[in-house]
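Enquirer: Please find the sequence and the predicted model below.
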Amino acid sequence: MSEFRKVPVSDFECAPIRMIAKDWLLFTASKPDGTFNPMTVSWGGIGELWGKNVVFIFVRPQRYTHEFTEQGDTATLTWFDESYRETLAFCGAKSGRDVDKVAESGLTPVDDGDNAVYYSEAKVVFKLKKLYANKTAFRPENAVDPELFDFHYKNEDYHTMYVYEILEILDRE
């Protein structure tokens with residue numbers, strides 16, 4: 001943990017669109033029993049809701065990570081430098097049902113005892129607590145631009161939207 005410094009959430013400066021859409025990140029959800037699963041994500045948001053600093057994460061129901069988000073309340077978002085692009089591509093393409101993503105990727109998991117798993121190779125870590133889950137956030141009847149749904153939801157596998165409070169930010173020193 002000495003490699004990281006805690007940064008007050010309100011003091012953390014970032015370019016969220018670049019961090020999420022361009023850099024990608026690893027979302028790791030944990031069940032109460034301590035098991036966890038990482039999933040690469042490139043959709044999401046960072047902001048303020050209900051007087052809290054939050055992130056919005058979207059997970060399709062068929063993804064293995066979905067059962068972890070449903071059963072547990074802790075998660076992390078982890079950013080890496082560009083040298084981890086292949087690792088993130090691997091974690092996004094493979095399912096934790098079929099492979100041990102952590103073992104095969106070479107990432108080193110860290111749990112500070114709060115069941116919020118992150119990786120020692122990280123550049124930035126957001127520790128999260130689930131506040132809200134909405135399985136009906138995306139419905140075609142609510143789409144202003146139906147072509148978005150036609151393109152992204154050919155199988156009608158609509159994402160569940162999760163809102164997580166950002167409890168702590170760790171930044172590599």
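Expert: Nice, I can see it.
Enquirer: So which residues of the chain form strands?
Expert: 4-7, 25-30, 36-41, 45-49, 52-59, 74-79, 109-110, 118-119, 124-134, 160-172 (DSSP state E).
Enquirer: Which among those is found nearest to H152?
Expert: Smallest distance to H152 across those (Cβ to Cβ): 10.4 Å, for strand 52-59. Yep, even glycine has a C-beta here, placed from its N, CA and C like the rest.
Enquirer: Give me the mean pLDDT for that closest one.
Expert: Across strand 52-59, the average pLDDT comes to 95.
Enquirer: which residues sit against the helix or strand bottoming out on mean pLDDT in the chain?
Expert: Here the helix or strand of the chain ranked lowest by mean pLDDT, DSSP states H and E is helix 16-17, holding a mean of 80. With Cβ atoms under 8 Å, 6 or more residues apart in numbering as the test, helix 16-17 has contacts from 45-46.
Enquirer: ok now that helix, how far from the chain's centre?
Expert: Distance, stretch centre to chain centre, for helix 16-17: 14 Å (Cα atoms, centre = their mean, to the nearest Å).
Enquirer: Give the burial count for the residue nearest to M19 when sequence neighbours are not counted, as a bare number.
Expert: Among residues not flanking M19 along the chain, W79 sits closest, at 6.0 Å (Cβ to Cβ, 6 or more residues apart in numbering). For W79, the neighbour count with other Cβ atoms under 10 Å is 20.
Enquirer: Kindly report the same for I166.
Expert: Look at I166: counted by other Cβ under 10 Å, it has 18 neighbours.
Enquirer: residue contacts, it?
Expert: So I166 contacts 9, 46, 52-55, 126-128 (Cβ under 8 Å, 6+ apart).
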